[in-house]
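K.L.:
Mind looking at a prediction? Sequence and model below.
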Amino acid sequence: MNEEICVLACPGSKNLANGIAKILATKIIDVELKVFPDGESKIKLNGNPSGKLAVMVQSTYPTVNARLLETLFIIKKAMKMGADVCAVIPYLAYARQDKEFVEGEAVSMESIGSMFDSSGVRNLITVDIHSDTALKYFTIPAYTVSAVPLLANHFKKQDLVQPLVVSPDIGGSKRAEEFAKIMGTESIVLSKHRDRNTGQVSIDDSIPELAKVKNRDTILVDDIISTGGSIVKATEVLKKAYCNNVLIACTHALLLDDALDKLRSAGVQEIVATNTIPSQVSKVDVTPAICDQINKL
Ligand code: R5P
């Protein structure tokens, strides 16, 4: 048993926290949440992390804002009890708003960075943060762990027809390249456009790279599936270009409302996500990657 570290199992990520504690061979402290009728949250640590490095594990979903506030309450309490805190936030919300896309918009990620900087945590670990830009808003040491090798190895074991890795947009191109390299194949990048005012997504179905998809199994790789809109549009474009099957690999499966139904109706054959957010498609465990990073601190 490692007596110098303990893991705080926070309300949003109990299973992940248990997995991390098991690998690190540490004590686990359960963090209890009570939500009052008006929506306020009360946090209680059922154990004392005094004198230890407390690894608090909490994804900021669902719901985003409540989980973020709970995170602050937990950090403050653990520190007051005499712990040093490492924040493990497997899914870090607001990373997509990493710049002022439309004049007047707040750069939400800037505030999230400041929030963790001033919280007193020693460092922060997240998984597949949306962009490198988002990571730059921290002054504390902040690390993003890649789930790509774990996801790619999951698909590598499958018997696929000339697999081709596809990024739905330019922002995910490096992720798709890394994925394809591990699978020993190639990748292409689609041209996605999101109307910054309406949120509507469109994908160009006339780019020359689409000639490569014919009769091949395509694996769409994305960091987040929220409404499913981006992946549905990408699936339509791939099918129009006569691909064989469409499979999905994603890190954070938010899967709002009927997103899964929409994806299945679009003809997606398989959806595989990690367990940064628990869901019925969370088949890949990111615990080992997070623990590797904790061990490097
Ligand atoms: C955006 O650039 C992200 O990488 C995801 O593609 C996006 O957040 C997915 O959102 P939705 O599922 O609502 O289209």
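P.N.:
Good, I have the coordinates. Residues are numbered from 1 along each chain as shown.
K.L.:
So which residues on this protein come close to the ligand?
P.N.:
Listed as neighbours of the ligand in the chain under the rule Cβ under 6 Å from any ligand atom: 96, 168-169, 171-172, 201, 222-230. For every residue, glycine as well, the C-beta is placed using N, CA and C.
K.L.:
out of the residues you listed, which are inside helices?
P.N.:
Cross-referencing the residues of the chain next to the ligand against helices under DSSP state H gives 229, 230.
K.L.:
Mind jotting down where the strands sit in the stretch 1-150 of the chain?
P.N.:
2-9, 26-35, 41-46, 53-57, 84-89, 123-127, 142-145 (DSSP state E, counting those that start in this stretch).
K.L.:
Quick check: which of these is buried the most?
P.N.:
Counting by mean count of other Cβ atoms under 10 Å, strand 53-57 has the highest mean neighbour count of the strands of the stretch 1-150 of the chain, with a mean of 27.
K.L.:
any idea how far residue 225 is from residue 262?
P.N.:
Distance of residue 225 to residue 262, computed by Cβ to Cβ, to the nearest Å: 10 Å.
K.L.:
These two: who's more crowded?
P.N.:
For residue 225 versus residue 262, the count of surrounding residues by other Cβ atoms under 10 Å is larger for residue 225: 27 against 18.
K.L.:
Identify the residue nearest the more buried one in space, chain neighbours excluded?
P.N.:
residue 250 (4.8 Å; Cβ to Cβ, 6 or more residues apart in numbering).
K.L.:
Name the residues that touch the host helix or strand of the one you found?
P.N.:
Assigned by DSSP states H and E, residue 250 belongs to strand 246-253. For strand 246-253, contacts defined as Cβ atoms under 8 Å, 6 or more residues apart in numbering pick out 61, 91, 127-128, 147, 151-152, 154-155, 160, 179, 217-225, 231, 235, 238-239, 263, 266-274, 276-277, 279, 281-282, 286.
K.L.:
Any quick ChimeraX command for the buried ones out of those residues?
P.N.:
If you want just the buried ones from these in ChimeraX, going by 16 or more other Cβ atoms under 10 Å, the selection is:
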select :61,91,127,128,147,151,152,155,160,179,217,218,219,220,221,222,223,224,225,231,235,238,239,263,266,268,271,272,273,274,276,277,279,281,282,286
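K.L.:
quick one: contacts for the closest residue to residue 291 other than its chain neighbours?
P.N.:
What sits nearest to residue 291 in space, not counting adjacent residues and going by Cβ to Cβ, 6+ apart, is residue 23, at 4.5 Å. Residue 23 makes contacts with 287, 288, 291, as judged by Cβ under 8 Å, 6+ apart.
K.L.:
from the residues you listed, which ones fall inside helices?
P.N.:
Counting by DSSP H, the part of the contacts of residue 23 found in helices is 287, 288, 291.
K.L.:
out of those, which is most surrounded?
P.N.:
Most neighbours among the ones in helices among the contacts of residue 23, by other Cβ under 10 Å: residue 287, with 22 neighbours.
K.L.:
That residue and the ligand, how far apart?
P.N.:
23 Å (Cβ to the nearest ligand atom, to the nearest Å).
K.L.:
Let me see the contact set for that residue.
P.N.:
16, 19, 20, 23, 275.
K.L.:
pLDDT score assigned to it?
P.N.:
pLDDT recorded at residue 287 is 98.
K.L.:
now residue 1
P.N.:
Residue 1 carries a pLDDT score of 89 in this model.
K.L.:
Also the one 4 residues further on?
P.N.:
According to the per-residue confidence, residue 5 scores 98 in pLDDT.
K.L.:
My read is that it contacts residue 26, right?
P.N.:
Yes - assessed by Cβ atoms under 8 Å, residue 5 is found in contact with residue 26 at 4.6 Å.
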